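Undergrad: give me coordinates for this.
(one chain, ligands or ions: 1)
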Amino acid sequence: MDEIRFGFVGAGGNARGHMERLSAVEGAEIVAICDINEGAASAAASEYGADAYTDHREMIDGVEMDALYVSIPPFAHTDAEILAAEAGLHLFVEKPVVLDMDKGFEILEAIEEAGVLSSVGYQLRLLDTSKRLRNYLADRQVAMISSHRWGGLPGAPWWRRMEQSGGQLHEQTTHQLDLMRYCTGDEIVEVYARYDRLTMDDIEDITIPDSQGVLMTFASGTIATLTTSPMMTQGGGKSDINYLLRDQIIGWSPREITVQGVDAPQLAGEPEETPNIDETFVRAIREGDQSIIPCSYEDGLRTCDVTLAANRSAESGQPVTPEMVKA
Ligand SMILES: NC(=O)c1ccc[n+]([C@@H]2O[C@H](COP(=O)([O-])OP(=O)(O)OC[C@H]3O[C@@H](n4cnc5c(N)ncnc54)[C@H](O)[C@@H]3O)[C@@H](O)[C@H]2O)c1
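TA: Just a heads-up that it's a prediction; the model follows:
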C-alpha cells in the first residue's frame with residue numbers, strides 16, 4: 001500500500017488536530033472531509049486539498065478511501081461507522097464512541113464482520129507512564145483507586161446538554177476511567193453514581209450535572225472512586241489518579257509516576273517519548289496490525305459502557321452492572 005487515503009466525518013476542533021498530525025505523516029493523504037456545517041467542511045478541505053461534503057453517506061459512497069476518522073459529538077453517531085466498515089474502511093472513532101449502547105453494539109458488529117482495523121482516541125494509553133504502570137500492576141492486587149477531574153466548561157453548546165454529550169463523566173472524564181481500566185488490566189463490574197447540579201444553574205441551556213461522584217468495583221475486587229466537575233469557569237483545575245496497594249500509594253500523571261511507601265524502581269525515571277496516535281494508526285494500517293493500536297473499538301466501547309452505566313445508576317439510585325460485563 002503506497003499512499004493511504006483518509007476521510008473525515010466531523011471537522012471541529014478535535015478533528016482539526018488529527019488532520020494536522022495526519023498530514024505530517026509520510027504516505028498519509030486527506031482526500032475528503034464531511035461536516036454538517038458547510039463552512040467547517042470547506043475550510044478544512046481547502047486547507048488540506050480535499051473534497052468537502054455535508055453528507056457522510058455521499059462521501060463514503062463516492063470517494064475512494066482507505067480509512068475514516070469519525071470525530072463528532074456523542075449524540076451524532078448514527079451510521080457513518082457502519083457504512084464505512086461495510087465499505088472496508090479502517091476506522092478511527094473519537095471517544096466517547098456512542099451515547100447509546102445498542103448503537104455501539106451495531107457498530108462493533110459491523111467492524112467485526114468487515115474485519116477492518118479500529119482505533120479509539122484514548123491517546124493517554126500511549127504515554128510511557130501509563131504503560132509502565134500497567135506493567136507494574138499486572139501481577140499486583142490494587143486495593144483502591146481514587147481520581148478526580150475538576151476543570152472548566154468547554155464552549156461547544158452540545159457539551160452542556162446531557163442528551164447530547166452524556167455529561168462530563170461520559171464525554172471527558174472517560175479518559176481517567178479508561179486509564180483505570182487500562183493500567184489495572186481489570187474490568188469494572190459494578191457502578192454506583194450520584195449526580196447533582198449545585199452551582200451552575202445560571203449557565204444558559206445547561207442540563208448536565210456539575211457534580212458527579214462514582215463508586216466502582218473491579219472484577220478483582222478493587223474499589224475505585226471518581227469525581228468530576230466543570231465548575232471552574234474562571235480557569236484553573238485539578239486532575240489526578242492515585243492507586244493504593246499494600247504499603248504503596250502510586251500517583252499517575254502524564255509526565256511522572258510518584259510512589260509513597262515501598263520503592264518501585266520500575267516506575268521511576270524520565271518517561272520515553274510518546275508515540276503520536278495518528279502516526280500509530282497509519283502504521284497499523286500499513287502493517288495490517290491491530291495490536292499496535294492502543295484501544296480498539298471493542299475496548300473503547302467497554303469504557304463507554306461504564307460511563308453510561310454510571311448515568312443510569314445516577315438516574316435510578318441503584319448500582320448498575322455494565323452491559324458488556326453482563327453479556
Ligand atoms: N481524544 C481526545 O482527547 C479528544 C479531545 C477533544 C475532543 N474529543 C472528541 O472529539 C469529538 C468532537 O469534539 P470536538 O471538540 O471536535 O467538537 P466540536 O464541537 O469542535 O466539533 C464537532 C463537529 O462535528 C460536526 N458534526 C456534528 N454532527 C455531525 C454529523 N452528523 N456529521 C458530520 N459532522 C457533524 C459539527 O458541525 C462540528 O463541526 C467528541 O467526541 C470529543 O469528545 C476527543
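Undergrad: contacts, neighbours, all on C-alpha from now
TA: Will do.
Undergrad: can you list contacts of the helix or strand hosting residue 69?
TA: In the assignment (DSSP states H and E), residue 69 maps to strand 67-70. The contact list for strand 67-70 (C-alpha atoms under 8 Å, 6 or more residues apart in numbering) reads 4-10, 15, 80-81, 84, 89-94.
Undergrad: quick check, residue 17 in a helix?
TA: Yes: counting by DSSP: H, G, I helix; E, B strand; the rest coil, residue 17 is found in a helix.
Undergrad: now it: how far from the ligand?
TA: 9 Å (C-alpha to the nearest ligand atom, to the nearest Å).
Undergrad: again with residue 151
TA: Residue 151 is 14 Å from the ligand, by C-alpha to the nearest ligand atom.
Undergrad: what about stretch 135-149, near the ligand?
TA: No: Stretch 135-149 lies out of reach of the ligand by C-alpha under 6 Å from any ligand atom, never closer than 13.9 Å.
Undergrad: what residues sit buried inside that stretch?
TA: Neighbour-count burial for stretch 135-149 flags 137, 142, 144-149 (criterion: 16 or more other C-alpha atoms under 10 Å).
Undergrad: same check on stretch 109-120?
TA: Neighbour counts over stretch 109-120 (16+ other C-alpha under 10 Å) mark 110-111, 114, 116-120 as buried.
Undergrad: three-state assignment of residue 42?
TA: helix.
Undergrad: got a list of what it touches?
TA: Contacts of residue 42 by C-alpha under 8 Å, 6+ apart are 33, 51-53.
Undergrad: and the residue of the chain positioned farthest from its centre, what is it in contact with?
TA: Residue distances from the centre of the chain (C-alpha atoms, centre = their mean) peak at residue 262, which lies 32.6 Å from the mean C-alpha position. By C-alpha under 8 Å, 6+ apart, the contact set of residue 262 is 247-248.
Undergrad: separation between it and the ligand?
TA: Taking C-alpha to the nearest ligand atom as the measure, residue 262 falls 33 Å from the ligand.
Undergrad: need the CA coordinates for the strand holding residue 69. PDB is fine.
TA: In PDB, the C-alpha atoms belonging to strand 67-70 read as follows (Å, rounded to 0.1, in the frame of the first residue of the first chain):
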ATOM      1  CA  ALA A  67      -9.800   4.800   6.300                       C
ATOM      2  CA  LEU A  68     -12.200   7.200   8.000                       C
ATOM      3  CA  TYR A  69     -11.900   9.400  11.100                       C
ATOM      4  CA  VAL A  70     -15.200  10.000  12.900                       C
END
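Undergrad: just checking the following helix or strand past that strand against the ligand, any contact.
TA: In the C-terminal direction, the helix or strand that comes right after strand 67-70 (DSSP H and E) is helix 80-86. No: judged by C-alpha under 6 Å from any ligand atom, helix 80-86 stays clear of the ligand, getting no closer than 8.2 Å.
Undergrad: so how far is helix 80-86 off the chain centroid?
TA: Put simply, helix 80-86 sits 19 Å off its chain's centre (C-alpha atoms, centre = their mean, to the nearest Å).
Undergrad: which residues does it contact?
TA: Helix 80-86 has contacts (C-alpha under 8 Å, 6+ apart) with 9, 56-57, 60, 68, 70, 90-91, 106-107, 110-111, 114, 116.
Undergrad: now, which of the residues you listed lie close to the ligand?
TA: residue 9.
Undergrad: drop anything exposed from the contacts of helix 80-86.
TA: Counted by 16+ other C-alpha under 10 Å, the contacts of helix 80-86 give 9, 56, 60, 68, 70, 90-91, 107, 110-111, 114, 116 as buried.
Undergrad: ok, residue 121 to the ligand distance?
TA: From residue 121 over to the ligand (counting by C-alpha to the nearest ligand atom), the distance is 4 Å.
Undergrad: and what of residue 48?
TA: As judged by C-alpha to the nearest ligand atom, residue 48 and the ligand stand 16 Å apart.
Undergrad: quick check on the nearest residue to that residue once chain neighbours are set aside: phi, psi?
TA: Among residues not flanking residue 48 along the chain, residue 30 sits closest, at 6.6 Å (C-alpha to C-alpha, 6 or more residues apart in numbering). Dihedral pair for residue 30: phi -90, psi 110, per degrees, to the nearest 10.
Undergrad: residue 30 is in contact with residue 9, isn't it?
TA: No: using C-alpha atoms under 8 Å as the test, residue 30 is too far from residue 9 to be in contact (11.7 Å).
Undergrad: quick one, what contacts residue 259?
TA: 248-251 are the contacts of residue 259 under C-alpha under 8 Å, 6+ apart.
Undergrad: am I right that it sits in a helix?
TA: No: assigned with three-state DSSP, residue 259 falls outside any helix and is strand.
Undergrad: report the separation between it and the ligand.
TA: Distance of residue 259 to the ligand, computed by C-alpha to the nearest ligand atom: 26 Å.
Undergrad: buried residues, stretch 67-86. List them.
TA: Neighbour counts using 16+ other C-alpha under 10 Å place 67-75, 77, 80-86 of stretch 67-86 among the buried residues.
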